[in-house]
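Q: Sequence and computational prediction follow.
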Amino acid sequence: MIYRNLISLAIGLALVFAGIFVNQRLASLRQPPVQRPETAAVPLVEALPLRATTEPLVIRGFGTIRARVAAALSAEVAGRVVFRHPGFETGGEVEAGQVLVRIDPDSYRLQVERAEALLAQNLAQQASLEDEIAGARASLAVSSAAVLLARREAARFERLAQESATSRSQADKTEAALQAALAAEVRDQNSLRLALGRRPGLKAAEHQARTALAEARLALQRTEIAAPFSGRIDRRDIEAGEYVTPGKVVGALHDPSTFEVRIPVALSDLPWLYAKTDSPGPSPATGLARGAAGGGPTLERRDADVLLCLPARGVAAACWRGRVERIAQGVTERTRTVEVVVAIPLLPPVTGEAPLPLMQGMFVEVALQGRPVEGVYRIPRGAVSNRDTVNLLREGRLRVTPCEILRYDRDDAFVRFPTQAGDRLIVSPLPSPVDGMPLQTATAAAAAEP
């Protein structure tokens, strides 16, 4: 038993000494580490060269094509539709003055004939009255002459009676004849006065008859519903044989030559569509407000280039040229924007091929080319911090530089800031930027390694 324990102890000691020997042997074979000078970690950044440009600022927006001139066609008289033009269909094109719908005109023709007959009857009555007036005047002239003669005769017999050259009874007879002549003259005057008094009534009746005739002819004319202008049919709401009443809408059309798009533009972007004048004045926004209020603008609108494109994927978008027509008055309270109205001439697209002609209701993307700005930098939008600063790499160090943001355009930003020769724009994010901290680009770091 004791013998076995001694053997186990000897084996254990042998294994321990063998391990110590092997460990020392391996330690002697290990190479000492290469000593390198300790350096502080310099962040790697991506920097782009800076280049100031002069280019127009593009204002983008979206809008729906609408026709400035559009009309709803409605019936103005009642009746049954007896004619509908074959081209009076949705999407059809019609010419100005073309009859689209005709309502049964027979009853309206009868009204015209009735009004013409009443007018002719009135004119005949007036002619008869004029003859009566002429006769009354002639009779009054005769009776007036008879009164004059009777007056002379009575005066003569009155002198003779006073001179006892004739009897009193004879003088009384001449006086009675004078009274009879005076009565006849009064009757003729009354007849003439009554005839002249009927003249205004007949004149008024003539005016009423002519008005009724004009209304009847107008109603007959309104049995035909014609296109007020050349255009395209939006919809048709009646069929031949249908009975319509006044005010019934039979269809609608628009004029494609008056297509326009209203683009909401922020107030801060609106001055870029205008060119400054040499006259001194307030700021662009103030001058624009004064011009809109009629107080004399300090800015004048320029003919900005406008491009309107149909949204497309995988193919070249069809685009048309437009022009800024006007700026709508008033600011939208909810969005604080104004509407810029862009007119679209009916011309072929300048790029791409349009699957359809321009139509009302199409949704288009609009690019308004504003006035050019000098000394502006077009940089990635993410390179501008929320404190309106940009990070520049200058002689291996960070320079946090304040910038003036003119506007954003999709993923780009148009800014101004002071620079020096050799400055580059840092586009990679910096977790904790400190002005003056050392930086290096990936290219410089690769060149520095042995």
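A: Sure thing, it's come through.

Q: Which secondary structure elements does the one helix or strand G135 maps to sit against?
A: Using DSSP states H and E, G135 falls within helix 106-162. On a contact count with 3 or more Cβ pairs under 8 Å, 6 or more residues apart in numbering; DSSP states H and E, helix 106-162 meets helix 168-221. Quick note: C-beta positions are derived from backbone N, CA and C, even for glycine.

Q: The helix it packs on to helix 106-162, inter-axis angle?
A: 170 degrees (axes from the mean of the first three to the mean of the last three Cα atoms, to 10 degrees).

Q: Show me what secondary structure element comes after helix 168-221.
A: Heading C-terminal from helix 168-221 (DSSP H and E), you reach strand 224-226.

Q: mind checking how far that next one is from the chain centre?
A: When distances are taken as Cα atoms, centre = their mean, to the nearest Å, strand 224-226 is centred 28 Å away from the chain's centroid.

Q: Now do the helices in this protein.
A: Counting by DSSP state H, one finds helices in the chain at the ranges 2-29, 106-162, 168-221, 284-292, 442-448.

Q: weakest of those in terms of mean pLDDT?
A: Set side by side, the helices of the chain give their lowest mean pLDDT on helix 284-292, at a mean of 39.

Q: I'd say A161 and A171 touch.
A: Yes. Counting by Cβ atoms under 8 Å, A161 does reach A171; the two are 4.1 Å apart.

Q: of the two, who's got more company?
A: Taking other Cβ atoms under 10 Å, A161 and A171 do not tie; A171 has more neighbours (20 against 17).

Q: Distance check, the more buried one against G63.
A: A171 is 108 Å from G63, where distance means Cβ to Cβ, to the nearest Å.

Q: any idea of the mean pLDDT for stretch 261-270?
A: Here stretch 261-270 scores 85 as its mean pLDDT.

Q: let me fix that: stretch 235-254
A: On average, the pLDDT along stretch 235-254 is 93.

Q: what about it, how long is it end to end?
A: End-to-end distance for stretch 235-254: 10 Å, by Cα to Cα, to the nearest Å.

Q: So A67 is in contact with Q360, correct?
A: Yes. Counting by Cβ under 8 Å, Q360 is a contact partner of A67 at 5.5 Å.

Q: So for these two, which residue has more residues nearby?
A: Of the pair A67 and Q360, A67 is the one with more neighbours under other Cβ under 10 Å, namely 20 against 14.

Q: which one is that one nearest to, not counting chain neighbours?
A: Distance criterion Cβ to Cβ, 6 or more residues apart in numbering; nearest residue to A67, sequence neighbours excluded, is H254 at 3.6 Å.

Q: From T419, how far off is that neighbour?
A: Distance, H254 to T419, by Cβ to Cβ: 53 Å.

Q: For these two, indicate the residue with more neighbours.
A: The neighbour comparison of H254 against T419 (other Cβ under 10 Å) goes to H254, with 20 against 17.

Q: which residues touch the more buried one?
A: Counting by Cβ atoms under 8 Å, 6 or more residues apart in numbering, H254 makes contact with 67, 69-71, 231-232, 234, 360.

Q: and the longest strand anywhere in the chain, which strands flank it?
A: Counting residues, the longest strand found in the chain (DSSP state E) is strand 363-380. Using DSSP bridges, strand 363-380 pairs in its sheet with strand 53-67 (antiparallel), strand 306-309 (antiparallel), strand 412-416 (antiparallel).

Q: returning to what we had before: common neighbours of A67 and Q360, please.
A: 254, 256, 259.

Q: so what's the last one closest to, chain neighbours aside?
A: Pointing back at F259 there. I344 (4.3 Å).
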